[in-house]
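Colleague: no sequence on this one, just coordinates:
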């Protein structure tokens with residue numbers, strides 16, 4: 001719903017195309033933020049500083065090269081590439097220093113659940129339009145993704161145990 005969000009927040013629908021372009025990098029921004037916080041907690045501040053300095057230098061060089069030639073499109077690609085770099089670099093370092101094991105076996109199944117939820121949302125959007133319908137669409141997407149994740153075994157009862165402990169307190 002980039003156009004609806006742009007209209008609601010910015011009163012300018014054309015901003016929606018920018019929101020749509022930047023939306024795919026949001027998970028990587030979140031991943032970078034979480035991984036950086038965990039690395040700081042593990043005493044790895046110098047690693048994150050090194051990644052951020054490298055990222056900033058690469059961004060400056062890329063802006064000098066790509067923005068004059070490709071304009072806003074070039075800038076968006078720079079944003080995507082730099083966020084991918086820092087999030088994956090931080091995640092790689094986190095795996096190395098913590099010894100955690102990422103459960104990547106379930107990633108293709110998660111992507112499939114996501115794709116089906118997106119498909120359900122696209123069908124919904126054909127029939128329901130506007131700002132109010134946006135809330136229903138968001139609820140539909142989250143519900144379909146959550147239910148499919150449970151049915152596929154991506155989300156298990158063990159994932160809810162920490163929530164049950166919080167409820168008891």
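Modeller: In hand now; what should we look at? Quick caveat, the model's predicted, so the values are computed rather than measured.

Colleague: CA atoms for contacts and neighbours, from now on please.
Modeller: Fine.

Colleague: count of residues packed around residue 77?
Modeller: The tally of other residues near residue 77 (other Cα atoms under 10 Å) stands at 17.

Colleague: element containing the residue nearest the centre of the chain?
Modeller: Nearest residue to the geometric centre of the chain (Cα atoms, centre = their mean): residue 27, 1.2 Å. If you go by DSSP states H and E, residue 27 is part of helix 26-41.

Colleague: Run the chain-centre distance for that helix.
Modeller: Offset of helix 26-41 from its chain centre (Cα atoms, centre = their mean, to the nearest Å): 11 Å.

Colleague: For it, name the packing helices and strands.
Modeller: Packing partners of helix 26-41 (3 or more Cα pairs under 8 Å, 6 or more residues apart in numbering; DSSP states H and E): helix 45-98.

Colleague: just to revisit the earlier point, tell me the mean pLDDT for the helix holding residue 27?
Modeller: Across helix 26-41, pLDDT averages out at 91.

Colleague: Would you mind listing the buried residues in it?
Modeller: Residues of helix 26-41 classed as buried: 28-29, 31-32, 35-36, 38-39 (neighbour count, 16 or more other Cα atoms under 10 Å).

Colleague: what's the angle between that helix and helix 45-98?
Modeller: If you take axes from the mean of the first three to the mean of the last three Cα atoms, to 10 degrees, helix 26-41 sits at 90 degrees to helix 45-98.

Colleague: quick one on the thing from earlier: can you put the buried residues of helix 26-41 in a markdown table and add distance to residue 20?
Modeller: Converted to a markdown table, those look like this (distance: Cα to Cα, whole Å):
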| residue | distance to residue 20 |
| --- | --- |
| 28 | 15 |
| 29 | 15 |
| 31 | 19 |
| 32 | 20 |
| 35 | 25 |
| 36 | 26 |
| 38 | 29 |
| 39 | 30 |
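
Colleague: from the residues you listed, which is closest to residue 86?
Modeller: residue 32 (6.5 Å; Cα to Cα).

Colleague: Can you give me the distance of the closest one to residue 159?
Modeller: 22 Å (Cα to Cα, to the nearest Å).

Colleague: distance of the residue nearest to the centre of the chain from residue 84?
Modeller: Distance, residue 27 to residue 84, using Cα to Cα: 10 Å.

Colleague: picking up where we left off before, just name the closest of the buried residues of helix 26-41 to residue 119, please.
Modeller: Nearest to residue 119 among the buried residues of helix 26-41, with distances taken as Cα to Cα, is residue 28, at 22.3 Å.

Colleague: List the contacts of the residue nearest to residue 52 when sequence neighbours are not counted.
Modeller: Leaving aside its chain neighbours, residue 52 sits nearest to residue 86 (7.1 Å; criterion: Cα to Cα, 6 or more residues apart in numbering). Contacts of residue 86 were listed using Cα atoms under 8 Å, 6 or more residues apart in numbering, and they are 32, 51-52, 55.
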